[in-house]
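1. next one to model:
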Amino acid sequence: MSRAQLIVTAVTLQGLTQAEAARAYGLSESRVSRIMARWRAEGDAAFEPGSRRPKTTPTATPPATIELIVNLRANLAGRGLDHGPATIAWHLQHHHGITVSRATIARILTRQGLVTPAPKKRPRSSYLRFEADLPNECWQSDFTHWRLTDGTDAEILTFLDDCTRYAISVTAHRRVTTPDVLAAFRAATARHGLPASTLTDNGMVFTVRLAGLGRRGGRNAFEAELRRLGITQKNGSPSHPQTQGKVERFQQTMKQWLRARPAPATIEDLQALLDRFVDDYNEHRPHRSLPQHATPATRYRTLPKATPGPDRDADPHDRVRRDRIDKTGRVTLRIHGQLRHIPIGRAHARTRVLLLVHDLDITIINAATGELLRELTIDPDRDYQPLKNHKG
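-> Have a look, this model is predicted:
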């Protein structure tokens with residue numbers, strides 16, 4: 001028998017007053033009064049535990065916002081675009097002026113039955129992730145297949161900037177050959193400048209290393225072009241596409257977008273579709289892997305560009321370093337074996353930055369926006385650099 005039943009029994013059958021029942025069972029008189037009032041209103045149902053849900057939830061997401069989230073997901077999915085909680089949150093903020101957390105959006109989508117549980121994957125912490133520090137520091141390249149309406153196969157060749165995910169070149173071909181790779185590469189460098197390095201798989205359109213020719217000094221036309229221009233050529237391990245993971249993921253996004261549209265009949269039709277996709281991907285689509293979900297074009301155009309030259313990792317006097325400005329508005333950098341304290345300003349506290357180091361010349365830029373925060377030449381005789389010691 002519950003305590004509420006004991007109280008009601010004591011008052012109704014034993015004839016105790018509510019004050020006496022409260023003293024007998026160690027409850028306050030107000031608590032006994034509430035028990036009796038509920039029993040008179042509900043009868044024996046009063047003995048069941050009541051819901052603790054609040055009568056009002058002023059911070060709950062409004063129904064209109066929930067409807068907008070559901071419609072946004074359907075619209076993005078129908079256009080072949082990413083439609084996860086992060087992307088929906090970006091569209092709500094930038095196009096509707098509404099701020100909703102990713103976790104809240106995920107719960108709403110789950111309650112609406114719009115989330116299909118995915119199989120368990122390896123935890124992200126188990127992956128060894130790398131990323132170039134600057135645009136044009138590394139271009140990843142690969143090609144994939146797409147079927148035309150007449151059943152014939154076409155191939156799509158991509159060059160993708162590793163740092164910013166900017167689609168440098170996306171071209172359609174009947175069959176990708178080394179001359180096609182070379183022509184697309186030359187056209188891309190004419191528009192965007194030379195990359196410091198390239199990263200591809202071991203397909204023979206990119207390298208003849210695994211064919212045995214490379215050991216005898218032979219190179220295909222693409223390899224010879226890279227060597228002539230001083231561009232470092234990198235190739236992933238055989239049967240390990242994860243090394244070129246960014247371009248592989250780009251191709252998945254591209255194919256999802258193509259599936260949402262009528263199949264092309266010719267190579268020219270496919271190229272027209274690809275041009276539309278590249279414009280949307282580079283200029284308008286927020287990218288989840290970039291700071292503040294920036295578009296690839298924003299990052300690519302605002303950051304300084306890398307150029308062919310010595311490997312940054314092999315030269316300790318020419319390097320790129322990521323850091324965060326501390327709460328006092330400073331960053332620290334080890335020069336000639338000693339830490340140098342460089343003031344930026346308290347207004348930029350906790351901002352993530354890139355430090356471009358060339359001997360004693362330091363350039364500091366905002367890692368998210370590419371804004372130049374400071375340029376200076378380090379005074380090797382001082383650990384704390386003066387704020388007015390600007391370059392030039």
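2. list the contacts of the helix or strand of the chain with the lowest mean pLDDT.
-> Ranking every helix and strand in the chain by mean pLDDT, DSSP states H and E puts strand 318-324 at the bottom, with a mean of 82. Strand 318-324 is contacted from outside by 133-134, 309-310, 312-313, 331-333, 350-359, 367, using C-beta atoms under 8 Å, 6 or more residues apart in numbering. Yep, even glycine has a C-beta here, placed from its N, CA and C like the rest.
3. rerun that using 6 Å as the cut-off
-> If you take C-beta atoms under 6 Å, 6 or more residues apart in numbering as the criterion, strand 318-324 is touched by 133, 312, 331, 352-353, 355-358.
4. now stretch 61-71
-> Outside stretch 61-71, the residues touching it (C-beta under 6 Å, 6+ apart) are 88, 105, 108, 112.
5. nearest to residue 278, of the residues you listed?
-> residue 88 (23.1 Å; C-beta to C-beta).
6. which SS class is the closest one?
-> helix (DSSP: H, G, I helix; E, B strand; the rest coil).
7. low-scoring stretches of the chain, by residue?
-> 1, 118, 120-129, 211-218, 288-289, 291-292, 310-318, 336-337, 388-392 (pLDDT under 70).
8. partner strands of the least confident helix or strand of the chain and their direction?
-> Applying DSSP bridges to the sheet, strand 318-324 is found paired with strand 352-358 (antiparallel).
9. what's the offset of the strand it pairs with from the middle of its chain?
-> Taking the mean of its C-alpha atoms, strand 352-358 sits 21 Å from the chain's own mean (C-alpha atoms, centre = their mean, to the nearest Å).
10. may I see the buried residues of it?
-> Going by neighbour count (16 or more other C-beta atoms under 10 Å), the buried part of strand 352-358 is 353-357.
11. repeat that for stretch 166-175.
-> Result for stretch 166-175 [16+ other C-beta under 10 Å]: buried residues 166-173.
12. re the thing from before, out of the buried residues of strand 352-358, who's nearest residue 287?
-> Nearest to residue 287 among the buried residues of strand 352-358 is residue 354, at 17.9 Å by C-beta to C-beta.
13. the closest one against residue 367, yeah?
-> Yes - Residue 354 lies in contact with residue 367 (C-beta atoms under 6 Å); the separation is 5.0 Å.
14. and residue 70, how far is that from residue 63?
-> 11 Å (C-beta to C-beta, to the nearest Å).
15. element containing the closest residue to residue 115 other than its chain neighbours, please.
-> Leaving aside its sequence neighbours, residue 115 sits nearest to residue 109 (C-beta to C-beta, 6 or more residues apart in numbering; 5.0 Å). Here residue 109 sits within helix 102-111, counting by DSSP states H and E.
16. which strands or helices does that helix pack on?
-> helix 63-78, helix 85-96 (3 or more C-beta pairs under 6 Å, 6 or more residues apart in numbering; DSSP states H and E).
17. could I have the longest one exported to PDB, CA atoms only?
-> The one in question is helix 63-78. C-alpha atoms of helix 63-78 as PDB (Å, rounded to 0.1, in the frame of the first residue of the first chain):
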ATOM      1  CA  PRO A  63       5.900  24.100 -34.200                       C
ATOM      2  CA  ALA A  64       6.600  26.400 -37.100                       C
ATOM      3  CA  THR A  65      10.300  25.900 -36.700                       C
ATOM      4  CA  ILE A  66       9.900  22.100 -36.500                       C
ATOM      5  CA  GLU A  67       7.800  22.200 -39.800                       C
ATOM      6  CA  LEU A  68      10.500  24.400 -41.400                       C
ATOM      7  CA  ILE A  69      13.300  21.900 -40.400                       C
ATOM      8  CA  VAL A  70      11.300  19.000 -41.900                       C
ATOM      9  CA  ASN A  71      10.700  20.900 -45.100                       C
ATOM     10  CA  LEU A  72      14.300  21.900 -45.400                       C
ATOM     11  CA  ARG A  73      15.400  18.300 -45.000                       C
ATOM     12  CA  ALA A  74      13.000  17.200 -47.700                       C
ATOM     13  CA  ASN A  75      14.000  20.000 -50.000                       C
ATOM     14  CA  LEU A  76      17.800  19.400 -49.600                       C
ATOM     15  CA  ALA A  77      17.400  15.700 -50.000                       C
ATOM     16  CA  GLY A  78      15.300  16.200 -53.200                       C
END
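18. so what touches stretch 348-355?
-> Applying C-beta under 6 Å, 6+ apart, the contact partners of stretch 348-355 are 321, 323-325, 327, 329, 364-365, 367.
19. any idea how far the residue nearest to residue 115 lies from residue 294?
-> Distance of residue 109 to residue 294, computed by C-beta to C-beta: 24 Å.
20. now do residue 7
-> Taking C-beta to C-beta, one finds residue 7 at 63 Å from residue 294.
21. higher neighbour count, the two?
-> Applying other C-beta atoms under 10 Å to residue 7 and residue 294 shows that residue 7 carries more neighbours, namely 22 against 19.
22. just say helix, strand or coil for the more buried one.
-> Recorded secondary structure, residue 7: helix (three-state DSSP).
23. look up how far residue 45 lies from it.
-> 16 Å.
24. for the helix or strand containing residue 223, packing partners?
-> Assessed by DSSP H and E, residue 223 sits inside helix 221-229. Judged by 3+ C-beta pairs under 6 Å, 6+ apart, helix 221-229 is in contact with helix 178-192.
25. contacts for the helix it packs on?
-> Contacts for helix 178-192 (C-beta under 6 Å, 6+ apart): 157, 159, 168-169, 171, 173, 205, 220-222, 225.
26. let's see 7 Å
-> For helix 178-192, contacts defined as C-beta atoms under 7 Å, 6 or more residues apart in numbering pick out 136, 157, 159, 168-169, 171, 173, 205-206, 220-222, 225.
27. wait, which of those is closest to residue 193?
-> The shortest approach to residue 193 among the contacts of helix 178-192 belongs to residue 136, at 5.9 Å (C-beta to C-beta).
28. next one: the strand or helix carrying residue 31 to chain centre, how far?
-> Using DSSP H and E, residue 31 maps to helix 29-42. Relative to its parent chain, helix 29-42 has a centroid offset of 56 Å by C-alpha atoms, centre = their mean.
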